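Trainee: any chance you can model this:
(chains A and B)
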Amino acid sequence: MPSSDQPILEVKDLEVEFHTDSGVVQAVNRVSFDLYPGETLGIVGESGSGKSVTNLTMLGLTPQPPGKVVGGSVKYDGQELLSLSQKQWQNVRGKKIAMIFQDPMTALNPFLTVEEQLVEVTMLHMGLSRAEASKHAIELLQKVGIPGAEKRIGDYPHQFSGGMRQRVMIAMAISCQPDILIADEPTTALDVTIQAQILELMKTMQQEFGTAIIFITHDLGVVASICDRVMVMYAGRKVELSTTVNIFKHPRHPYTMGLLSSAPRWDQGEDELQAIDGQPPDLLNLPTGCSFNPRCQFVQDECLQQTPPLITLDEQPVHQHACIREIRYLKENR
Amino acid sequence: MTTPLLQVRDLKVHFKPPQRGFGKPAAFIRAVDGVSFDVSAGQTLGLVGESGCGKSTTARAVLNLIDNAYREGTVHLDGIRIDQLTEGAMRAHRAKAQMVFQDPFASLNPRMTVGKIIREPMRNFGVHGSDSDQRLELIRLMELVGINPRYMNRYPHEFSGGQRQRIGIARALAANPKLIVCDEAVSALDVSIQAQVINLLMDLQQKLGVAYVFISHDLAVVRHIAHRVGVMYLGRIVELADSDDLYREARHPYTRALLSAAPVPDPDQSVSQNRVRLEGEVPSPDIEYAGCPFADRCPEQLPHCKSIPPQLSDEVHQVSCLLYEEY
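Mentor: All right, here's what the predicted structure looks like:
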């Protein structure tokens, strides 16, 4: 739940390009959103929607080249992040904004013990001595539910199972009590029972520290169970943003509707899934007008000509969307 | 009752791990430990379970695709016992059972055109003899899976993940199989594309009467596609029932835990009321259990669970749990 009116993170008109051999790809196209302390914002989208690039940019980790931030601003607690030097970034990354990656095996250093990796963070950011940092590290491992933390702390990442490794990642991410935690598909590689444990752990940590979480995933079930608000992205753009209940119960963008009706549910047995026709967008070759128009079942002439603007109506809770047809419908029915 | 298309009885596959240094030899990994099921013609059996439960090994063992392992049990395909056949003798039966793999990037040869890829099984198994017949069949198959036949001379990298999976399905169909084993066939696809491929598979079953063994970790996908579903844990089937029965009235405590851990895309349902929480993780498969392998993690453990092995019951809704047995 948003516990404060002041956003901790303000992203405005963010634009990121990738320069490839076959042309320029607009990976993130004028994306804006706010993140409030203590809330969980879900970012949903399929491959190539720009969700991961958006979040790498917020940590100053866009691979440059080929990537390039060409416009917009990202403000953390009022401070512009995009103009930071590499050195200044080090005071933000890990300390104020931390990240959990999908694959803990590649995100952890295989040559260092878990202890060495955990103490490095706190010694650097919090100025702890080695002994203090070790003690702190053991407490963290206990907190994230690793049995026998005192013994396991000397182990190497490969000695842990996938779920346990993700717990180590979470311990590392929360070690400096960051204000913002960015989780990029943190449970996608895990089995469902382990996923449930990790989601629960993240919720508990959030309640304890008041951390704001950005949760990137393609799994709508996970979104429904953990997020307060949801932003839907398609082909580099934000196409819809509102509360989780609004997005799932009253979706306005045809892409969001399609996504919801194509997700199978184990608690319902209807026979045919309503798939979205067509192929995922080719970012090098986007259609003119709305990027979703080749796959949209409600497509109209206008959609082929102009890119729909993002519309924010005067309503509570805020429900933004970018669809020309829907806005006309809403105006007529109000 | 008619004989099922595929009949598997007491299948066991135990791998010997590589010897590390000296010392006592490592224990066998009991990847599949006594699995029995039937698949009727034109039906879909789903196998679900978490990583390491043996669902993929089961599928491969059924198709005789496992070497260097200790095997036990029988497999009958279309009335013929195939588990003891040599590689050469098995060849005659390979056309009947084909496979679709998880990774549409790794499972298509990048140096062959799509037309060549789909025609390869026709050549291998001598179906549709003449060149012109094969060409006609290629066009028919491409249309059937929704790929424009004009693209037959393109290479796999020119297609998206979903299209590539359609090509993999066309290749499996080219041999005219009665059974297709799909190993996580839609797991790597985006939701919107995944739904297209699931619908395609169901549509093909209606048109061609092909049976599937559909392996997935995704409970929701399996509910959609399967007529019968088997839930696996540590190399065994703990529950096997008609899809609707299994999801509505799961009986095994593991199935119930698995279902309550699987999130539903509905904010009203996300806070599950009677949620079964499972502690710990799946233990290593190299232990031989006297009783039920799930007993240690089971929220409903009975005093005898660790000593008396549960038997898979004989009803339509089969469950392997002492809660439902008289012992």
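
Trainee: for chain A, which spans come out with low pLDDT?
Mentor: Per-residue confidence of chain A (counting by pLDDT under 70) places the weak regions at A:1-4, A:270-271, A:334.

Trainee: of all residues in the stretch 201-334 of chain A, which one is closest to chain B?
Mentor: Minimum separation of the stretch 201-334 of chain A from chain B (Cβ to the nearest Cβ) falls at A:G221, amounting to 3.2 Å. From N, CA and C alone the C-beta is placed, and that goes for glycine too.

Trainee: assumed that residue was part of a strand.
Mentor: No - according to DSSP: H, G, I helix; E, B strand; the rest coil, the state of A:G221 is helix, so it is not within a strand.

Trainee: list the contacts for it?
Mentor: Contacts for A:G221 (Cβ atoms under 8 Å, 6 or more residues apart in numbering or on different chains) come out as A:263, B:220, B:262-265, B:270.

Trainee: go again using 10 Å as the cut-off
Mentor: A:192, A:195, A:263-266, B:219-220, B:262-266, B:269-270 (Cβ atoms under 10 Å, 6 or more residues apart in numbering or on different chains).

Trainee: distance of it from B:R166?
Mentor: For A:G221, the distance to B:R166 under the criterion Cβ to Cβ, to the nearest Å works out to 26 Å.

Trainee: again with A:D301
Mentor: Going from A:D301 to B:R166 by Cβ to Cβ gives 31 Å.

Trainee: so those two - more neighbours on which side?
Mentor: Remark: of A:D301 and B:R166, B:R166 carries more neighbours, 24 against 7, as counted by other Cβ atoms under 10 Å in any protein chain shown.

Trainee: after the helix or strand where the more buried one lies, which helix or strand is next?
Mentor: Using DSSP states H and E, B:R166 maps to helix B:161-173. Proceeding N to C from helix B:161-173, the next assigned helix or strand is strand B:179-183, under DSSP H and E.

Trainee: let me know the angle separating that next one from helix B:161-173.
Mentor: Calculated by axes from the mean of the first three to the mean of the last three Cα atoms, to 10 degrees, strand B:179-183 forms an angle of 150 degrees with helix B:161-173.

Trainee: now strand B:179-183: buried residues?
Mentor: Buried positions in strand B:179-183, judged by neighbour count with 16 or more other Cβ atoms under 10 Å in any protein chain shown: B:179-183.

Trainee: can you map out the helices along the stretch 101-250 of chain B?
Mentor: According to DSSP state H, counting those that start in this stretch, the stretch 101-250 of chain B carries its helices in the segments B:114-125, B:131-144, B:161-173, B:191-208, B:219-225, B:243-248.

Trainee: before we move on, what about the stretch 201-334 of chain A?
Mentor: Taking DSSP H, counting those that start in this stretch to define them, one finds helices in the stretch 201-334 of chain A at A:220-226, A:244-249, A:254-262, A:301-305, A:324-332.

Trainee: quick revisit: let me have the helices of the stretch 101-250 of chain B in a markdown table, extended by mean pLDDT.
Mentor: As requested, the helices of the stretch 101-250 of chain B are arranged in a markdown table below (pLDDT from 0 to 100):
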| stretch | mean pLDDT |
| --- | --- |
| helix B:114-125 | 93 |
| helix B:131-144 | 93 |
| helix B:161-173 | 94 |
| helix B:191-208 | 93 |
| helix B:219-225 | 94 |
| helix B:243-248 | 94 |
